[in-house]
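*Asks:* My questions are about this predicted structure, shown below with the sequence.
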Amino acid sequence: MNGGDAGVPALLRRLAGVERRIRVAVAERRGTDPAPDDPFRGLYLSDETVEALLAHRRSPWAAPAAPEPSGERFDALVRTARLSDLDAELLLLALAPDVDGRFEQFYGYLNDDVTRRRVSVGLALRLCGLPEADMTARSRLHGSAPLVTAGLVEVTDLDRPELSRLLRVPDRVVAHLLGDDTPPPSLPAVEVVGVATPDDEESVRVAAAVAEGAGLAYLTERQPGAGVDVGEATAARLGRRVLRVDVAGLVTAPDEVVAVLREAVLRDAVLVAGPVDTAPVATWVRTWRHPGVAVILSGRREWDPSWSDRPVLRAAASAMSPARRAAVWRDALGGDAGRVDPVAVCAHFQLSGPQIRRAARAAVLTARARGGDVTGADLRDGARSQNSASLERLARRVTPSVGWDDLVLPEPVMESLRELADRARYRDQVLDRWRMRPGAGRGRGVTALFAGDSGTGKTMSAEVIAHQLGMDLYTVNLATVVDKYIGETEKNLERIFTEAVGVNGVLLFDEADAIFGKRSEVRDARDRYANVESAYLLQRMETFDGLAILATNLRANLDDAFTRRLDVVADFPLPGEPDRRRLWDRCLGDRLPRDEGVDLDFLAASFDLAGGHIRSAAVTAAYLAAAGRRPVTMPDLVKAVAREYQKLGRLCLEREFGPYLQLTG
């Protein structure tokens, strides 16, 4: 091994120094060998064998194709892991057999046991020129030492005396020092590029604290993913890499947790993990304790002092600012953005940084599969694909398929619906940039009330709003909410609201008066608990951050305090004759063949029906026509109307049905 070659990396030059020390150790042992004529030689390495190894001055190290960058990996790791000179020497001694196979034989010879082919604690201390009884030196291999806490060196054979325990360097550390940055496939962490923007005040504060030596920060987030976003921006401000931990994939096995910290040390990265609401935070904080690694945790819970005795920086993590969201979108799309402005298309989607990156990748894949450029629809589909499936256990998911042209409503109602869509689309600008909703604890949500008789278009309007925003519609099933046991209804609603915050969708509470009803005078215990339930809902609606629509047939039954908190109230009237004419024409469509005798003016003038009943009658008439293998006729439509009257409990009168009355029997 030629230590004078300037092209040889520093690691190999260091190993040449280890080899020189081993020569001295071997010479010393040869001079003190009590049994040079041992007849059992062959069960271990002989002096001659070792001499031959030392005499064979092979140089297996090829110069790298390109000059080693400044801050060679071993030296960079020493700095990042905050290792002392002794730590570096111990790491080098433990690493040697993984780089040069001859060191296995050297160590077997010096350990006087050819089966123990790694350096022992005692041998390592002697090779460092230290006495074996030096407790200060021994402590550098104890559980709280940087080498061990970072997972750079493992002490094995713990059942043996300390001096005879062996030192091993994990394969991941060896691979990193030899130039391989591929992380283990089982590692629940990924390196990402942080993005910082000038208006990101929270990351400025956290970055300043980390720069001053704060090793642990906890960010309380109101929106899922906000803490991770701030953590990534903090690392970007510090010029550091980000190692983001997949909390769901991280098990509590000590080796897995240590592997995450080790990866952060190897990459000189800030460790970002969240949300940790259901995680063993105390265990992670205790394991991820290293002077060279800053740890940023986030969750919806407040910090519990029992989790750690370390000083912790506590801060709030608000939702990602529009400017930062735009920067992440542009960074994630790169040159694939084309002419589409992702911010204009997806401004109302409350996505975290990781979700934006996944949504961008999904949009690009969709566009490439189609053979075209990324479109606004691709971006919206990608954003919608990030919705968690957890809400579907509590609400029915509907993919919207209707638009503004499908609605037949009076103009005042249409204006209210457009206002609702605008509130959802521009709330970042109004609430965040212009600060138009002051007050602690108030949510950023948008809530609306759709009131009107059954069939007047409330549910369809909610679907149109969702379609306009590129979101899914989630219809809450009251059977999953209302519970006869005291307190259970509130728990069910809390689960729905909590899950809805992490989903970019429109939440529809149909028959809302059943759960958002008026408070009453307390006459018995049942009234008191009913009022407690209503009071809870009032508070929860105040802090809701999503888009919720309450639909009811009985507006008068809703508590006045609810209506005061609503952003938009739309009253859906029964359609007049012109609107009924349009509804009949729209519901019959242009694909269903019509007989020349179909009289839509008669249907609109004679039958006072809501849009939902007209749609149902049109479908019934279509089935009658299909069964008769002919175009739909006026008798088909009249019979279908009679069926709707039957369902409504209304009588078929001659003044309404006129000449078609005999068809109703």
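*Replies:* Arrived safely.

*Asks:* Sketch out the low-pLDDT regions of the stretch 51-200 of the chain for me.
*Replies:* By pLDDT under 70, the low-scoring segments of the stretch 51-200 of the chain are 51-71, 199.

*Asks:* all strands in it, in order from the N-terminus.
*Replies:* 154-156, 166-168, 189-192 (DSSP state E, counting those that start in this stretch).

*Asks:* Kindly compare burial across those strands and name the winner.
*Replies:* Among the strands of the stretch 51-200 of the chain, ranked by average contacts under mean count of other C-beta atoms under 10 Å, first place goes to strand 166-168 (a mean of 20). Heads up, the C-betas are built off the backbone N, CA and C, glycines and all.

*Asks:* give me every residue that touches Val374.
*Replies:* Contacts of Val374 were listed using C-beta atoms under 8 Å, 6 or more residues apart in numbering, and they are Leu333, Asp336, Ala337, Gly338, Val340, Ala363, Val364, Thr366, Ala367.

*Asks:* how many neighbours does the nearest residue to Gly194 once chain neighbours are set aside have?
*Replies:* Using C-beta to C-beta, 6 or more residues apart in numbering and skipping residues adjacent in sequence, the residue nearest Gly194 is Ala236, 3.2 Å away. Each residue near Ala236 was counted by other C-beta atoms under 10 Å, and the total is 22.

*Asks:* Now Ala236: which helix or strand?
*Replies:* Per DSSP states H and E: Ala236 is located in helix 226-238.

*Asks:* Run through who's touching that helix.
*Replies:* Contacts for helix 226-238 (C-beta under 8 Å, 6+ apart): 192-197, 200, 202-204, 206-207, 210-211, 217, 219-221, 241-242, 244, 269-270, 272, 274-275, 296-299, 315, 317-320, 324, 352-354.

*Asks:* Convert the longest helix along the chain to CSV, retaining C-alpha atoms only.
*Replies:* Determined from DSSP state H, the single longest helix within the chain is helix 10-31. The C-alpha trace of helix 10-31 is given here as CSV (Å, rounded to 0.1, in the frame of the first residue of the first chain):
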residue,chain,number,x,y,z
ALA,A,10,-7.5,9.9,2.6
LEU,A,11,-9.2,6.7,3.9
LEU,A,12,-6.7,4.5,2.2
ARG,A,13,-3.8,6.6,3.4
ARG,A,14,-5.2,6.2,6.9
LEU,A,15,-5.4,2.4,6.5
ALA,A,16,-1.7,2.4,5.4
GLY,A,17,-1.0,4.0,8.8
VAL,A,18,-3.0,1.2,10.5
GLU,A,19,-0.9,-1.4,8.6
ARG,A,20,2.3,0.2,9.9
ARG,A,21,1.0,-0.1,13.5
ILE,A,22,0.1,-3.7,12.9
ARG,A,23,3.7,-4.4,11.7
VAL,A,24,4.9,-3.1,15.0
ALA,A,25,2.3,-5.2,16.9
VAL,A,26,3.2,-8.3,14.9
ALA,A,27,6.9,-7.8,15.5
GLU,A,28,6.3,-7.4,19.2
ARG,A,29,4.3,-10.6,19.4
ARG,A,30,6.9,-12.6,17.4
GLY,A,31,9.5,-11.5,19.9
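
*Asks:* So which elements touch it?
*Replies:* Counting contacts by 3 or more C-beta pairs under 8 Å, 6 or more residues apart in numbering; DSSP states H and E, helix 10-31 packs against helix 47-55, helix 73-80, helix 85-99, helix 102-110, helix 121-127.

*Asks:* Just the buried residues of it, please?
*Replies:* By 16 or more other C-beta atoms under 10 Å, the buried positions in helix 10-31 come out as Leu11, Leu12, Arg13, Arg14, Leu15, Ala16, Val18, Glu19, Ile22, Ala25, Val26.

*Asks:* next one: stretch 611-624
*Replies:* Gly611, Gly612, His613, Ile614, Arg615, Ser616, Ala617, Ala618, Thr620, Ala621, Ala622, Leu624.

*Asks:* for the stretch 401-550 of the chain, what spans make up the helices?
*Replies:* For the stretch 401-550 of the chain, the helices defined by DSSP state H, counting those that start in this stretch cover 411-425, 427, 458-469, 488-501, 525-542.

*Asks:* can those go into TSV with extra columns for mean neighbour count and distance to His290?
*Replies:* Below are the helices of the stretch 401-550 of the chain laid out as TSV (neighbours: other C-beta atoms under 10 Å; distance: least, C-beta to C-beta, whole Å):
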stretch	mean neighbour count	distance to His290
helix 411-425	17	44
helix 427	21	41
helix 458-469	24	45
helix 488-501	18	34
helix 525-542	15	41
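
*Asks:* I'd like to know which of the ones you listed is closest to Arg310.
*Replies:* helix 488-501 (29.4 Å; C-beta to C-beta).

*Asks:* okay, Arg30: pLDDT?
*Replies:* With respect to pLDDT, Arg30 has a value of 65.

*Asks:* typo on my end, it should be Gly227
*Replies:* Reading off the model, Gly227 has pLDDT 89.

*Asks:* what's around it, how many residues?
*Replies:* 31.

*Asks:* Can you give me the neighbour number for the nearest residue to it once chain neighbours are set aside?
*Replies:* Nearest residue to Gly227, sequence neighbours excluded (C-beta to C-beta, 6+ apart): Ser298, at 2.1 Å. Neighbourhood size, Ser298 [other C-beta under 10 Å]: 27.

*Asks:* Would you mind giving the helices and strands packed on helix 10-31 as TSV with distance to Leu648 and mean neighbour count added?
*Replies:* Shown next, in TSV, are those (distance: least, C-beta to C-beta, whole Å; neighbours: other C-beta atoms under 10 Å):
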stretch	distance to Leu648	mean neighbour count
helix 47-55	99	13
helix 73-80	75	18
helix 85-99	82	22
helix 102-110	89	21
helix 121-127	88	22
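
*Asks:* Tabulate the ones you listed (a markdown table), appending distance to Arg358.
*Replies:* Output for these, formatted as a markdown table (distance: least, C-beta to C-beta, whole Å):
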| stretch | distance to Arg358 |
| --- | --- |
| helix 47-55 | 53 |
| helix 73-80 | 29 |
| helix 85-99 | 37 |
| helix 102-110 | 45 |
| helix 121-127 | 46 |
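
*Asks:* what about these, which gets the closest to Asp571?
*Replies:* Among the helices and strands packed on helix 10-31, helix 73-80 comes nearest to Asp571, with 64.6 Å by C-beta to C-beta.

*Asks:* Dump that closest one to PDB, restricted to CA.
*Replies:* Extracted in PDB, the C-alpha atoms of helix 73-80 (Å, rounded to 0.1, in the frame of the first residue of the first chain):
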ATOM      1  CA  ARG A  73     -15.900  11.100   2.900                       C
ATOM      2  CA  PHE A  74     -14.100   9.700   6.000                       C
ATOM      3  CA  ASP A  75     -13.000  13.200   7.100                       C
ATOM      4  CA  ALA A  76     -16.400  14.600   6.300                       C
ATOM      5  CA  LEU A  77     -18.000  11.900   8.400                       C
ATOM      6  CA  VAL A  78     -15.700  12.700  11.300                       C
ATOM      7  CA  ARG A  79     -16.800  16.300  11.200                       C
ATOM      8  CA  THR A  80     -20.500  15.600  10.800                       C
END
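
*Asks:* Now do it against helix 85-99, angle only.
*Replies:* 140 degrees (axes from the mean of the first three to the mean of the last three C-alpha atoms, to 10 degrees).

*Asks:* Just checking the distance from helix 73-80 to the centre of its chain.
*Replies:* 32 Å (C-alpha atoms, centre = their mean, to the nearest Å).

*Asks:* tell me what that helix is packed against?
*Replies:* Identification of packing neighbours for helix 73-80 by 3+ C-beta pairs under 8 Å, 6+ apart yields helix 10-31, helix 85-99, helix 171-177, helix 254-267.
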